[in-house]
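> model the structure of this input:
(one chain, ligands or ions: 1)
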Amino acid sequence: MPIIVIFLALLNAVIAVILAQIKMNLGFDVFSFYLFVFPIGSYLYGSIISKFFYNLLLKKEIPITKIYYFTTLFFIILSYFGMQYYIYYNTYVDYSMTINYIGDGIHISELYDKTTGNYINFFDYYFRLSSGGEMYGMIGGNGFATEINPLYNLILEIFNVLALGISVTFTYKKKKPPFKYCEKCNHYMNEKQVFIFDLGDNYSKYILEKIDESMGKEDRVDRLREIINVNQELRDSSNEFVVGNFNYCNECDQLYLVIIKYIIDERGNEKMGKIIKEYELDKSYFRLIIR
Ligand SMILES: [Zn+2]
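Purely as a prediction, here's the structure:
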């Protein structure tokens with residue numbers, strides 16, 4: 001775990017610096033894109049990074065736990081503020097009172113806020129001035145005079161952070177892996193589809209009940225095998241269907257039957273719904289069932 005977390009932290013830091021450089025040099029700010037009041041820029045930023053990291057966890061066969069969710073959330077929000085601080089750190093005001101990022105003139109922290117009389121620290125710059133405000137400096141008495149609206153700015157920042165949070169939450173909520181993880185051998189289990197049938201009619205209910213019922217019986221392997229034989233490919237035109245998968249570990253012979261609901265959306269894409277049931281089967285049946 002630690003190495004991949006360090007990687008995530010570095011990844012976020014590098015991207016934050018790159019985005020800050022782009023903003024300072026080209027004036028292009030990813031976080032300034034809004035769809036009405038929804039910060040679409042923040043949302044995309046959070047989505048791309050969290051999806052990338054999530055897929056990496058899957059690829060490296062690391063079980064996706066809440067810890068990774070919170071870690072991703074933490075580093076993405078931290079890097080967002082880190083980027084703002086990086087910009088503040090590089091902000092100078094030259095003798096014509098124009099902001100620059102090349103160290104011309106004096107650093108912004110040497111100017112003061114006209115309203116409070118205090119020197120401009122990161123939070124003043126960020127919340128009070130970054131979208132307008134008034135600051136005065138020691139340079140010949142010249143000063144900035146732009147509209148100040150700290151409340152509006154603060155609300156936008158809250159929206160930005162919320163959008164980052166939503167994007168990470170969606171990534172972790174939506175994309176649950178359809179297969180189980182073997183805690184003992186530290187890898188994802190293999191998967192084998194054993195049945196598929198439409199959901200919704202009485203027959204599907206009957207099969208699901210029959211599976212459930214047979215699990216408690218002595219001869220459950222035979223019963224299960226019979227159900228599988230009959231329902232291997234009973235898929236017609238319903239927008240909802242059920243898939244039964246064996247999840248098994250080749251190393252320790254752990255075996256599960258996982259029954260998952262799938263939905264076909266308006267665009268015709270298959271989407272994984274909830275896991276309907278999950279049964280642990282006896283290890284001794286592993287060789288009998290997996291062929
Ligand atoms: Zn195992």
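> for the ion, what are the nearby residues on the protein?
In this structure, the chain approaches the ion at residues Cys182, Lys184, Cys185, Cys249, Glu251, Cys252, judged by Cβ under 5 Å from the ion. (Glycine included, C-beta is placed from N, CA and C.)
> please redo it, this time with the cut-off set to 6 Å
For the chain, the residues found near the ion under the criterion Cβ under 6 Å from the ion are Cys182, Lys184, Cys185, Cys249, Glu251, Cys252, Gln254.
> okay, now the second one: neighbour count?
In this case it means Lys184. For Lys184, the tally of surrounding residues (other Cβ atoms under 10 Å) stands at 10.
> what about the stretch 151-291 of the chain, any weak spots by pLDDT?
The model of the stretch 151-291 of the chain has pLDDT under 70 over residues 174-178, 231-232, 234, 286-291.
> which residues in it form helices?
In order along the chain, the stretch 151-291 of the chain carries the following helices (DSSP state H, counting those that start in this stretch): 202-215, 220-231, 286-289.
> in strands only, show me the residues of the chain next to the ion.
Cys182 (DSSP state E).
> just the residues of the chain next to the ion now: which is nearest Lys217?
Looking at those and their distance to Lys217, the nearest is Gln254, at 20.8 Å (Cβ to Cβ).
> you'd agree that closest one is up against Lys283?
Yes. Taking Cβ atoms under 8 Å as the contact criterion, Gln254 and Lys283 are neighbours in contact, 6.4 Å apart.
> show me which of those two is the more surrounded one.
Neighbour tally, Gln254 and Lys283, criterion other Cβ under 10 Å: the higher count belongs to Gln254, 19 against 13.
> gap between stretch 64-72 and the chain center?
The chain centroid and the centroid of stretch 64-72 are separated by 9 Å, computed with Cα atoms, centre = their mean, to the nearest Å.
> contacts for it next, please.
Contacting residues not belonging to stretch 64-72 are listed as 1, 5, 8, 49-50, 53-54, 57-58, 62, 168-169, 171-172, 177 [Cβ atoms under 8 Å, 6 or more residues apart in numbering].
> so which pair among those residues is furthest apart in space?
Across these, no pair lies farther apart than Met1 and Thr169, at 20.7 Å, counting by Cβ to Cβ.
> more neighbours: those two, which one.
Thr169 (15 against 12).
> please, where are all the strands along the stretch 1-150 of the chain?
92-93, 99-100, 106-107, 112-113, 135-136 (DSSP state E, counting those that start in this stretch).
> buried set for the top strand by length along the chain?
For the chain, the strand with the greatest residue count under DSSP E is strand 270-281. Along strand 270-281, the positions that meet the burial threshold by neighbour count (16 or more other Cβ atoms under 10 Å) are Ile276, Tyr279, Leu281.
> got it, and stretch 233-246?
When neighbours are counted by 16+ other Cβ under 10 Å, the buried residues of stretch 233-246 are found to be Phe241, Val242, Val243, Gly244, Asn245, Phe246.
> again with stretch 60-67
Those buried within stretch 60-67 under the rule 16+ other Cβ under 10 Å are Ile62, Pro63, Ile64.
> now the first one. Nearest residue, chain neighbours left out?
In space, not counting the residues next to it along the chain, Ile62 is nearest to Ile4; the distance is 6.6 Å by Cβ to Cβ, 6 or more residues apart in numbering.
> what residues are up against the nearest residue to Leu224 once chain neighbours are set aside?
Excluding its sequence neighbours, the residue lying closest to Leu224 (Cβ to Cβ, 6+ apart) is Ser214, at 5.9 Å. Listed by Cβ under 8 Å, 6+ apart, the contact set of Ser214 reads Arg220, Arg223, Leu224, Ile227.
> do Leu162 as well
Residues in contact with Leu162 (Cβ under 8 Å, 6+ apart): none are found.
> and it, how far from the ion?
To the ion, Leu162 is 40 Å away according to Cβ to the ion, to the nearest Å.
> quick check, the residue in the stretch 1-150 of the chain closest to the ion?
Among the residues of the stretch 1-150 of the chain, Glu61 lies closest to the ion, at 11.6 Å counting by Cβ to the ion.
> isn't that residue right up against Tyr188?
Yes. When contacts are counted by Cβ under 8 Å, Glu61 is listed as touching Tyr188 (5.2 Å).
> what's the overlap in contacts for these two?
Taking Cβ under 8 Å, 6+ apart as the contact definition, Glu61 and Tyr188 share the neighbouring residues Tyr181.
> sounds good, over and out.
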